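1. Kindly return the folded structure for what I paste below:
(chains A and B)
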Amino acid sequence: MTPLQQQADRFDSTEANEDVELFRYWLMGQAQFQRGDRAATIRSWQGHKDRAGWGRLSWPATHKGREMSSAQVYACRAAERQAVPDAAATWPTLDIVAPTLIEFAGETLQAKSLAAIAEGDLWTIALHEPDIGEDLRDVGSQARRQGDTWLISGKKIWCAHGKLASHALLLVRTGSVEEREQGLTCFAVPLNSPGVEVLPIPLGSGRGDFDEIILKNVEVPSWCMIGALGQGWRVTERSRTYLASQPEFEARRALKALQTKLSLAGEDALVLATADSLIERFTVGDAAASDDAFALDRLVGNLLARAQMEEIGRIADEAGLFFDVDGLRFGALLNETRLEWRPAHSIKQELGRRILASARRNGEIRK
Amino acid sequence: MISSRHILQRALEAEEAGALLETSAYNALQMATDICAGEYGKTAEDVLFGLSKSEGQERPLHIVNCGEDTRPRVAVLQAEKGISGLVTAASQSRMWADLVNTSALIGSMQQLGAARGMFDRACAYLNNRVLDGRPLSDREAIRESVGELYVCLFGAVMACRKAIGTASSVGDTFDRATIAARLMALRASQIVSAGSMRLHGGVAMIAGDPMDVLALRQNDYIRIYGSAVEWRLRLARMP
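-> Numbers count the residues shown, from 1 in each chain, chains lettered A, B, ... in the order given. Model prediction:
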């Protein structure tokens, strides 16, 4: 069977999964969860979930987790987004930071941070810096040892939900510039430490979920180091490959907004509706059985969603139409997502690699 | 019971493997006459079952274009004689609607199958061809192109498979989902076949090479099942 056929068959069938179904069932009783403002809702939602036993989906059993696979977590998150849209802010902390801490952090740091994360503490992942572009091997923020502590100075940009976060997962240089990724180390930095400044980055669409973090001689104890000295590149691997946003949701939201604004007719409407029904299948996230299959689905879903977003942009441009998606300016949002959703060419490359490898496995094709 | 999905899958596989039109499942003057005479059962499943039973006969059933008239008609094609019979809708039945929609989707699937045959051949070539000590498939730009073509093909195949379950028209008009799938298939097969040709080495352009045969067949499908312009016209004239 070729990947196309396997994927197409999987796409038509629905894999029932007990844990995911139970979570969905539990969510049905929690619709419109609200506790004061957005920050309060986000924090109390995670605590509420954890008390019900759904706060640590992907964590190992040794940390009271449910050990769900990435496909199962994805399906749960898809359902969660429907019930409590604000919950999305907690996912990078739960699905990326916590597993990273469990794998690499020392006992003191784990004891101080994991229980708080399960209760609703948010972390921001601070990797990118101004002036270095996409290549994180050139990170320039410095950490210097001073007795039993480290002094950190530098500037981090594009930190998601920095204002809401209590800690940052920081990638800094502890070696020389020539060492490149071998000279990088990871630290956990409390954002209320003296010398830390968090500044919002206002975006054209009206979004305010990214912040800039400036560190001036911030002192952190050495137990805040995550992983060993010079191991920062390996520690941040999960964070670097994580797709922070789920493009399928954004694309569907944009489509709904477009349809409300303009009753489309003709081929455009048909193509959009068809693409949307395909994307819907990916957002539900039921279909993948294995990790391999899940990864393939994510790549295709991501590319389909991008294509749909571009198509919506084209139609809006042609109609001379300006509209909002949940209060955000679409034109600006389109440009932002192009940057935010990891470059399309890297995703296409990854997909092509898998297809070509499977063609090699299948041997010579039929004549 | 053979389901509609299986028939579509067979159409895809038959064309991909480079088989000729006669192995496709949807032949049958028998079929069309039976439907018009009302001899068949009442459900779409029955119609499709009938279609698959008549496999092996040499008279494929196809939708053809009749000038300005946008109503679908079913023609009986014979290899040597050309069109030997033309059947229009005898009734405004659900079954007829299912038949015309299914035929259009099967045609789309055949066309995509041919494009996929080209895509698979191009992938095999990229894996085997070694340049500067490493296979072409190791190069990032090549992988990117392959990923792009795959998504394009996948979208169109899934649109056809979905459309077969959602056809809701009656009488002599096409279903919207069918038209969307047909348009997507036309676009995707054009992109995928041109892209595969570009990725494959020059051998593909030699007359008689399987790649060349499959590329030429794209033209036949457009002639038989109608071009994108005609399908857009159908859409524009829909009530």
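2. what sits against the closest residue to residue A:122 other than its chain neighbours?
-> With sequence-adjacent residues excluded and distances taken as C-beta to C-beta, 6 or more residues apart in numbering or on different chains, residue A:122 is closest to residue A:165, at 4.5 Å. (Glycine included, C-beta is placed from N, CA and C.) Residue A:165 makes contact with A:93, A:122, A:123, A:124, A:159, A:191, according to C-beta atoms under 8 Å, 6 or more residues apart in numbering or on different chains.
3. go on, residue B:143?
-> Neighbour list for residue B:143: A:348, A:349, A:350, A:351, A:352, A:353, A:356, B:137 [criterion: C-beta under 8 Å, 6+ apart].
4. repeat for residue A:232
-> Neighbouring residues of residue A:232 by C-beta under 8 Å, 6+ apart: A:171, A:172, A:174, A:181, A:184, A:185, A:186.
5. Now the last one, what are its backbone angles?
-> Read it as residue A:186. In terms of degrees, to the nearest 10, the main-chain angles of residue A:186 are phi -110, psi 140.
6. And for it, the neighbour number?
-> Neighbouring residues of residue A:186 were enumerated by other C-beta atoms under 10 Å in any protein chain shown; the total is 27.
7. From residue A:142, how far out is it?
-> Between residue A:186 and residue A:142 the computed distance is 14 Å (C-beta to C-beta, to the nearest Å).
8. just residue A:279 next, same as before
-> For residue A:279, the distance to residue A:142 equals 44 Å [C-beta to C-beta].
9. Between the two, which has more neighbouring residues?
-> Each of residue A:279 and residue A:142 has its neighbours counted (other C-beta under 10 Å); residue A:279 has more, 23 against 14.
10. so that one makes contact with residue A:304?
-> Yes. Applying C-beta atoms under 8 Å, one finds residue A:279 in contact with residue A:304, separated by 5.5 Å.
11. Give the residues shared as contacts by these two.
-> With C-beta under 8 Å, 6+ apart, residue A:279 and residue A:304 have common neighbours residue A:248.
12. the longest helix in the chain is where?
-> Assuming you mean chain A. The single longest helix within chain A, with elements called by DSSP state H, is helix A:291-318.
13. wrong one, I was asking about chain B
-> helix B:94-128.
14. what ranges do the strands span in chain B?
-> With strands called from DSSP state E, chain B shows them at B:61-66, B:69-78, B:82-87, B:130-131, B:134-135.
15. pLDDT of the longest one, averaged?
-> Taken as a whole, strand B:69-78 has an average pLDDT of 43.
16. Could you do the fourth one as well?
-> In this model, strand B:130-131 carries a mean pLDDT of 90.
17. so where is chain A shaky, pLDDT-wise?
-> Applying pLDDT under 70 to chain A picks out residues A:1, A:11-16, A:243-245, A:264-265, A:284-289, A:362-367.
18. For it, which residues are neighbours of chain B?
-> Applying C-beta under 8 Å from any C-beta of the partner chain, we find that chain A lies next to chain B at A:2-5, A:7-8, A:11-12, A:266-267, A:270-271, A:273-275, A:277-278, A:299-300, A:303-304, A:307, A:345, A:347-353, A:355-356, A:359-360, A:364-367.
19. Drop anything exposed from these.
-> A:2-4, A:7-8, A:11, A:267, A:270-271, A:274-275, A:277-278, A:299-300, A:303-304, A:307, A:347-353, A:355-356, A:359, A:365 (16 or more other C-beta atoms under 10 Å in any protein chain shown).
20. now, which of those residues lie within helices?
-> Using DSSP H, the members of these that fall in helices are A:3-4, A:7-8, A:11, A:267, A:270-271, A:274-275, A:277-278, A:299-300, A:303-304, A:307, A:347-353, A:355-356, A:359.
21. Mind exporting the C-alpha coordinates of stretch A:185-199 to CSV?
-> The C-alpha coordinates for stretch A:185-199 follow below in CSV (Å, rounded to 0.1, in the frame of the first residue of the first chain):
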residue,chain,number,x,y,z
THR,A,185,22.7,26.0,27.8
CYS,A,186,19.1,26.1,29.0
PHE,A,187,17.9,27.8,32.1
ALA,A,188,14.6,28.3,34.0
VAL,A,189,14.2,31.9,34.9
PRO,A,190,11.5,33.3,37.2
LEU,A,191,10.1,36.3,35.4
ASN,A,192,9.6,38.2,38.7
SER,A,193,13.4,38.3,39.3
PRO,A,194,15.1,41.7,39.6
GLY,A,195,16.4,42.7,36.2
VAL,A,196,13.7,41.1,34.1
GLU,A,197,11.5,43.3,31.9
VAL,A,198,8.6,41.9,29.9
LEU,A,199,7.4,44.2,27.1
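22. chain center to it: distance?
-> With C-alpha atoms, centre = their mean, to the nearest Å as the basis, stretch A:185-199 stands 21 Å off its chain's centre.
23. Report the distance from stretch A:100-116 to the chain centre.
-> Between the centre of stretch A:100-116 and the centre of its chain there are 20 Å (C-alpha atoms, centre = their mean).
24. Skipping its backbone neighbours, what lies nearest residue A:222 in space?
-> Of all residues not flanking residue A:222 in the chain, residue A:148 sits nearest, at 5.7 Å (C-beta to C-beta, 6+ apart).
25. Surely that neighbour touches residue A:220?
-> No. Using C-beta under 8 Å, residue A:148 and residue A:220 do not qualify as a contacting pair, with a distance of 10.6 Å.
26. Not including adjacent chain positions, what is the nearest residue to residue 108?
-> This is for chain A. Spatial nearest neighbour of residue A:108, chain neighbours left out: residue A:223 (4.3 Å); criterion: C-beta to C-beta, 6+ apart.
27. Actually, chain B is the one I wanted.
-> When the adjacent residues along the chain are set aside, residue B:108 lies closest to residue B:185, with 3.6 Å between them (C-beta to C-beta, 6+ apart).
28. quick one: the strands in the stretch 1-150 of chain A?
-> Secondary structure of the stretch 1-150 of chain A (DSSP state E, counting those that start in this stretch): strands at A:123-126, A:142-146, A:149-160.
29. Out of the ones you listed, indicate the one that is most buried.
-> strand A:123-126 (a mean of 29; mean count of other C-beta atoms under 10 Å in any protein chain shown).
30. Show me what that one packs onto, helices and strands only.
-> Judged by 3 or more C-beta pairs under 8 Å, 6 or more residues apart in numbering or on different chains; DSSP states H and E, strand A:123-126 is in contact with helix A:91-92, strand A:149-160, strand A:167-173, strand A:210-221.
31. go with 7 Å
-> Under the contact criterion of 3 or more C-beta pairs under 7 Å, 6 or more residues apart in numbering or on different chains; DSSP states H and E, strand A:123-126 touches strand A:149-160, strand A:167-173.
32. show me what contacts residue A:238?
-> Listed by C-beta atoms under 7 Å, 6 or more residues apart in numbering or on different chains, the contact partners of residue A:238 are A:96, A:99, A:100.
33. Just the buried residues from the residues you listed, in ChimeraX please.
-> Typed into ChimeraX, the line below selects the buried ones among these, using 16+ other C-beta under 10 Å:
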select /A:96,99,100
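34. which one of the contacts of residue A:238 is nearest chain B?
-> Nearest to chain B out of those is residue A:96 (C-beta to the nearest C-beta; 24.8 Å).
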